[in-house]
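[1] Please find the sequence and the predicted model below.
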Protein chains: 2
Amino acid sequence: MASGDSTKSGKKPQEKQQNVDAATTEEDFAQGSYGILPLIQSKEKCDRQLLLVRDINETLAKQTIWVRGRLHISRGKGKQCFLVIRHQSATIQAVVCVNENVSKPMVKFVSSITKESIVDVEGEVSLAPTPIESCTQKNVELQVKKIYVVSPAEPRLPLLIEDAMRPDEPNTADDAQTARVNQDTRLDNRVIDLRTPANQAIYRVEAGVCKLFRDTLDNKGFVEIHTPKIISAASEGGANVFQVTYFKTKAFLAQSPQFYKQMAIAADFGKVYTVGAVFRAEDSNTHRHLTEFVGLDLEMAFSYHYHEVVDTIGDLFTQIFKGLVERFATEIAIINKQFPCEPFEYLEPALRLEYKDGLALLAEAGVQMGSEDDLSTENERILGRIVKDKYHTDFYILDKYPLAVRPFYTMPDPNNSKYSNSYDMFIRGEEILSGAQRIHDPQLLLERVKHHNINVDQIKSYIDAFRYGCPPHAGGGIGLERVLMLYLGLGNVRKTSMFPRDPKRVTP
Amino acid sequence: MASGDSTKSGKKPQEKQQNVDAATTEEDFAQGSYGILPLIQSKEKCDRQLLLVRDINETLAKQTIWVRGRLHISRGKGKQCFLVIRHQSATIQAVVCVNENVSKPMVKFVSSITKESIVDVEGEVSLAPTPIESCTQKNVELQVKKIYVVSPAEPRLPLLIEDAMRPDEPNTADDAQTARVNQDTRLDNRVIDLRTPANQAIYRVEAGVCKLFRDTLDNKGFVEIHTPKIISAASEGGANVFQVTYFKTKAFLAQSPQFYKQMAIAADFGKVYTVGAVFRAEDSNTHRHLTEFVGLDLEMAFSYHYHEVVDTIGDLFTQIFKGLVERFATEIAIINKQFPCEPFEYLEPALRLEYKDGLALLAEAGVQMGSEDDLSTENERILGRIVKDKYHTDFYILDKYPLAVRPFYTMPDPNNSKYSNSYDMFIRGEEILSGAQRIHDPQLLLERVKHHNINVDQIKSYIDAFRYGCPPHAGGGIGLERVLMLYLGLGNVRKTSMFPRDPKRVTP
């Protein structure tokens, strides 16, 4: 295989390629220009430059180049075969046509390559006679000279990328006849499902949210910390916590890094954040619950008022929303194509409402609830809709929750003992952050612990952290997968967790 | 408290301060200028600007400013009291001296403030008559006008910051008489221990390593991903894995994100990294083992040879080493003051040796071992010393390990079946990264699984990930705490884990 002539593409990937498994005949003049490569085992170095599909355009016209990608689609028609080669979100058409370089057996071989196989293709870039609407590289195509299979896919795929790429809701009556892939099939075969353009884009945007979170906070003087996931005692009374066998004893998985963030504040780090796994042993099988998710947590000492922190978090979200539009417009457009949603609106600075005012808005809309009751998920959604209609924002802050519905460490409101210095933040009517000023005084903390009937012994090291001076501080925790699900309007948190965990799923 | 005059420092932190707990007498003219503030509960906003200790310098001379910090040291002498106010790594001297603003009872009150209490101080910045060698702000001091305790520390501290700041090895005979704080006392009282200048610096440098890791890889086109920590089966045969009670069944904590990184490669993400908790249920009580640590993991598809990946990782470390010197010289100097160590040397590009050549260097030095034996920790250290003497580098790559000592998924060396396409990387003679080209062919993978007597059923979803086309790829995992421990010469990985976990410790 691989003819002996020295092209600009340089050395061959393997010294001897006679053993490739091509359908050769004695008279096949293209023998050596196609076949299945031996396993790439790094036998020797190769200076061939592989271009990326997304970089192939008109400027390369008439040049002969190498590209590696998956066989996305192949249609053989007698003496020629049309291929679509895919790499990540980019696709290009490639034509294998019987000519002075390409033999009939070569076309036959190409037609037999299984979908999703990875191939190395040498071809001349030519301008497309008419734009190729089905590919991302619309103005060029490749006239194939050589093609080798690098890694073959098994012939029966558990799901087809074309099916997995379709919007959930059919656009037309014709479209309604085509196959859809259900969530479990997707997740069971996640390695294939993740290859769709929308999924390629979703996880790049997710990485973008993390980067924007960190970079914004780095610029504000925060320090990144790492907090332990294995803890000695269930922090908030023992419900919803996973137990771990720890050598000859037992331990638990942290439901939040909050106590550790607070200890970092008591240890003078001033402003800290941490990104990491958070565990909830809730048997909730909903669109928005995971048993393991990524927490974007921050905590910050303030001078005199916790709104210093609320404003910081509000601005953090503004920076994230701005950054997403600036840096990820292409990815967001790809995602919207498969998962259409209402354009995202936000205000700068972010809208902050008090809880009691939120309840008043609900009451106006005919939703009655007690002033110290917690908002149900349904009422949160209704309020989100009201706020969107009234203020034209999909993001807002609800401040001053009733003390009764918040955890023991929440600072009571000094001006009204029914309320507390705590807040939730919402995207499209669903909660994505919960936070508060924390009690930094050990005596008041002990009182609240007792009020909540929590075992003091279990959280002794937490309370002790405040005995040696601690600045006033507040913070919050953001659920990464929820932010992305809601921002993109995806409707299910399993669409924004690469390998989601819920009560019924711990694989793959 | 807080006199009614309106200074440029603006509104008072609390509307009514009469209830502060000051030792007042009827004739105390300074009444209102000192005391214990009521708990800062965000009663109302306050536009007083608090400066940071590190920002107070000669340019502020003669100005009256407010600063918040801890009472680091106080020495009362009759009519005056010298304080050192500390914030993070910065310290400044403050003088409380009986004068037209300061009464005797006020000096007495200040002398009674407990160490580590947080105080708000109003004072005039004055030039120090002679440099104050014991403080970081050497050229200025504060003439105190007002001082309030924001958060008091209990009088008996479990450890003293001055003691915790001392080098482990006494410098002088006098110094040998002073107290040291042992590791367990530090960790039991971590919130105080973390306040030392060295610890403040260590965790900032640690955040810097993470940032340099991510930024360097972002620039190289990597995508950040998040991998699950709860997994359904122990990946490498079940040893050293923590078991989790998962609703009515059981699960395990991931010992590495490797399988998931590889799945992301099979899913076309091309180059990925992840930063997160990694769990090892090893009952190892050594200076370098933790049961939970932070993994900096990366995985990368390559074109034809895994050295493309090795070179990428080598350059990653070069960028980290460069970035640390450029951005964290101040922090590193602070750490070296308490923990002196040999200056760190590295080569660019990084030195890469083959395993067999490493053994030859050891043999020259009289250390004999079998060519297919693994390096012991002791021999790694000896080899590190030899390499340092010969090549003047504290970082190097050891390539082509014997196949027999590597995990089942390691790609065998196609040129010599005794070896493999795998590598470790070392800092100061200790391993900080282990990696390899992985087998991306399901048939070869199955052969190796059988060779290692691993239960195929348990890793079915892993093997299946390679059935539908996968590019050749390689990667590695870095232990964050080890990198920092070794780079800084700290000698114990518990010094670089904010809340370390080992077989005997899961608190605080």
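    Perfect, thanks for sending it.
[2] so what's the residue of the stretch 51-200 of chain A found nearest chain B closest to, chain neighbours aside?
    Nearest to chain B, among the residues of the stretch 51-200 of chain A, is residue A:194, at 3.6 Å (CB to the nearest CB). Just so you know, the C-beta spots here come from the backbone N, C-alpha and C atoms, and that holds for glycine as well. Residue nearest to residue A:194 in three dimensions, not counting chain neighbours: residue B:267, with 3.6 Å by CB to CB, 6 or more residues apart in numbering or on different chains.
[3] Can you read off the pLDDT for the residue of the stretch 51-200 of chain A closest to chain B?
    Here the pLDDT value assigned to residue A:194 is 98.
[4] So it sits against residue A:201, correct?
    No - in this structure, residue A:194 is not within contact of residue A:201 by CB atoms under 8 Å, at 11.0 Å.
[5] list the contacts for the residue of the stretch 51-200 of chain A closest to chain B?
    Under the criterion of CB atoms under 8 Å, 6 or more residues apart in numbering or on different chains, the contact list for residue A:194 reads A:200, A:203, A:498, B:264, B:267, B:268, B:269.
[6] next one: residue A:314
    Residues near residue A:314 by CB under 8 Å, 6+ apart: A:349, A:350, A:352, A:397, A:425.
[7] 10 Å instead, please
    When contacts are counted by CB atoms under 10 Å, 6 or more residues apart in numbering or on different chains, residue A:314 touches A:307, A:347, A:348, A:349, A:350, A:351, A:352, A:395, A:396, A:397, A:423, A:425.
[8] Export those to a markdown table and append columns for neighbour count.
    What follows is these, written out as a markdown table (neighbours: other CB atoms under 10 Å in any protein chain shown):
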| residue | neighbour count |
| --- | --- |
| A:307 | 18 |
| A:347 | 15 |
| A:348 | 13 |
| A:349 | 12 |
| A:350 | 20 |
| A:351 | 18 |
| A:352 | 18 |
| A:395 | 26 |
| A:396 | 25 |
| A:397 | 21 |
| A:423 | 28 |
| A:425 | 23 |
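[9] now for those residues, which pair is the farthest apart?
    Of all pairs drawn from the contacts of residue A:314, the one with the longest distance (CB to CB) is A:348 and A:423, at 18.0 Å.
[10] Residue B:473 versus the spatially closest residue to residue A:189 that is not a sequence neighbour, what's the distance?
    Counting by CB to CB, 6+ apart, residue A:189 lies nearest to residue A:158, which is 4.3 Å off, once chain neighbours are set aside. The gap separating residue A:158 from residue B:473 is 22 Å, by CB to CB, to the nearest Å.
[11] just residue A:479 next, same as before
    31 Å.
[12] again with residue A:488
    Between residue A:488 and residue B:473 the computed distance is 29 Å (CB to CB).
[13] Then residue A:114?
    Plainly put, residue A:114 is 20 Å away from residue B:473 if you go by CB to CB.
[14] try residue A:55
    Note on residue A:55: its distance to residue B:473, by CB to CB, is 21 Å.
[15] Please apply the same query to residue A:132.
    Using CB to CB, one obtains 30 Å as the distance from residue A:132 to residue B:473.
[16] Ok, residue A:351 next?
    With distances defined as CB to CB, the gap from residue A:351 to residue B:473 amounts to 46 Å.
[17] what mean pLDDT would you report for stretch A:40-59?
    Averaged over stretch A:40-59, pLDDT sits at 97.
[18] is it up against chain B anywhere?
    Yes - for a cut-off given as CB under 10 Å from any CB of the partner chain, stretch A:40-59 has contacts with chain B, namely A:40, A:41, A:42, A:43, A:44, A:45, A:46, A:47, A:48, A:49, A:50, A:52.
[19] Residue A:158 and residue B:473 - which one has more neighbours?
    In terms of neighbours (other CB atoms under 10 Å in any protein chain shown), residue B:473 is the more surrounded of residue A:158 and residue B:473; the figures are 24 against 16.
[20] If I look at the nearest residue to residue A:302 once chain neighbours are set aside, what pLDDT would I see?
    The shortest distance from residue A:302 to any non-neighbouring residue, by CB to CB, 6+ apart, is to residue A:308 (4.1 Å). Confidence at residue A:308, expressed as pLDDT, is 98.
[21] Quick one: name the residues of the stretch 1-150 of chain A near chain B.
    By CB under 10 Å from any CB, the residues of the stretch 1-150 of chain A that approach chain B are A:11-14, A:37-50, A:52, A:66, A:68-71, A:86-89, A:114-120, A:149-150.
[22] what do you get if the cut-off is 8 Å, keeping everything else the same?
    Proximity of the stretch 1-150 of chain A to chain B, by CB under 8 Å from any CB of the partner chain, involves residues A:13, A:39-46, A:48, A:50, A:68, A:70, A:87-88, A:116-118, A:150.
[23] What subset of the residues you listed is buried?
    Among the residues of the stretch 1-150 of chain A next to chain B, those classed as buried by neighbour count (16 or more other CB atoms under 10 Å in any protein chain shown) are A:13, A:39-43, A:46, A:48, A:50, A:68, A:70, A:87-88, A:116-118, A:150.
[24] Who are the packing partners of the strand or helix carrying residue A:120?
    In this structure, residue A:120 is located in strand A:118-127 according to DSSP states H and E. Strand A:118-127 is packed against strand A:64-77, strand A:140-151, with contacts defined by 3 or more CB pairs under 8 Å, 6 or more residues apart in numbering or on different chains; DSSP states H and E.
[25] most neighbours per residue, which of these?
    Between the helices and strands packed on strand A:118-127, strand A:140-151 has the highest mean count of neighbours, a mean of 23, where neighbours are mean count of other CB atoms under 10 Å in any protein chain shown.
[26] shouldn't residue A:195 be in contact with residue A:161?
    Yes - Residue A:195 is in contact with residue A:161 according to CB under 8 Å; the separation is 5.9 Å.
[27] Please flag which of the residues of stretch A:40-59 next to chain B sit within helices.
    Judged by DSSP state H, helices contain none of those.
[28] So which of those residues belong to strands?
    For the residues of stretch A:40-59 next to chain B, membership in strands holds for residue A:50, with DSSP state E as the criterion.
[29] Please tabulate the residues of stretch A:40-59 next to chain B in a markdown table and include distance to residue A:95 as additional columns.
    Listed next are those as a markdown table, based on distance: CB to CB, whole Å:
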| residue | distance to residue A:95 |
| --- | --- |
| A:40 | 26 |
| A:41 | 32 |
| A:42 | 32 |
| A:43 | 31 |
| A:44 | 32 |
| A:45 | 31 |
| A:46 | 26 |
| A:47 | 27 |
| A:48 | 22 |
| A:49 | 22 |
| A:50 | 20 |
| A:52 | 20 |
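[30] just curious, which of the residues of stretch A:40-59 next to chain B is nearest to residue B:104?
    residue A:52 (77.9 Å).
[31] correct me, but that closest one touches residue A:67?
    Yes - because the distance of 7.4 Å satisfies CB under 8 Å, residue A:52 is recorded as touching residue A:67.
[32] can you list residues touching both of those two?
    Shared between the contact lists of residue A:52 and residue A:67 (criterion: CB under 8 Å, 6+ apart) are residues residue A:87.
[33] List the buried residues of the least confident helix or strand in chain A by mean pLDDT.
    Lowest by mean pLDDT, DSSP states H and E among the helices and strands of chain A is helix A:460-464, with a mean of 91. Residues of helix A:460-464 classed as buried under the neighbour-count rule (16+ other CB under 10 Å) are A:461, A:462, A:463, A:464.
[34] And for stretch A:153-167?
    Those would be A:153, A:157, A:158, A:159, A:161, A:164, A:166, for stretch A:153-167 by 16+ other CB under 10 Å.
[35] Okay, buried residues for stretch A:275-293 please.
    When burial is assessed from 16+ other CB under 10 Å, stretch A:275-293 yields the following buried residues: A:275-282, A:288-293.
[36] so which of the residues you listed are also by chain B?
    Near chain B, taking CB under 8 Å from any CB as the test, the members of the buried residues of stretch A:275-293 found are A:275, A:276, A:277, A:279, A:281, A:291, A:292.
[37] Sketch out the low-pLDDT regions of chain A for me.
    Under the criterion pLDDT under 70, the flagged ranges of chain A are A:1-26, A:234-238.
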